[in-house]
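>>> please find the sequence and the predicted model below.
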Amino acid sequence: MMYAVLCYNDEKTVWSWSKQEEAAVMTRLEEVRVRLTKAGKMGPALRLLPTTAATTLRKTQEPPLVIDGPFAETKEQLLGFYVIDVADLDAALDVARELAAVNPGGAYEVRPIALYCPDERAM
């Protein structure tokens, strides 16, 4: 079954890391990603740019309103996500635990996903 592992953290903290701190975290995450890829569990992993680069389309009126920034003001922001293919929720939680063990702070939301449209570019 496919799951999205959504990665939340305080982007002010993450984007303030020194180059050395950033490199250390990314190295540890890459080790987990490579191990999970070799096990056939890891799909795409995406890192989102800061919320200052976001644009939101709000359907509270017609025509929809386009505004700068993320939809919600929160303490932690969605900074990226992984797509994994594992047997069940317990296995997905194991992946989230591995990622959390090498990444300081934040939270990981594990959500089952259904493939709506495959990436036809890869076909």
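Thanks, I have the structure now.
>>> for the most centrally placed residue in the chain, give the beta-bridge partners.
A centroid search over the chain (CA atoms, centre = their mean) returns Phe81, at 1.7 Å, as the residue closest to the centre. Applying DSSP bridges to Phe81 gives these bridge partners: Leu6, Leu46.
>>> ok, it to Tyr8 distance?
Counting by CB to CB, to the nearest Å, the gap from Phe81 to Tyr8 is 10 Å. For every residue, glycine as well, the C-beta is placed using N, CA and C.
>>> give the contact list for Val25.
Val25 is in contact with Trp17, Val102, Asn103, Pro104, counting by CB atoms under 8 Å, 6 or more residues apart in numbering.
>>> please redo it, this time with the cut-off set to 10 Å
By CB atoms under 10 Å, 6 or more residues apart in numbering, the contact list for Val25 reads Val14, Trp17, Val102, Asn103, Pro104.
>>> mind checking which of those land in helices?
Secondary structure assignment by DSSP state H places Val14, Val102 of the contacts of Val25 in helices.
>>> which one of the contacts of Val25 has the most neighbours?
The residue in these with the most neighbours, by other CB atoms under 10 Å, is Val14 (22 neighbours).
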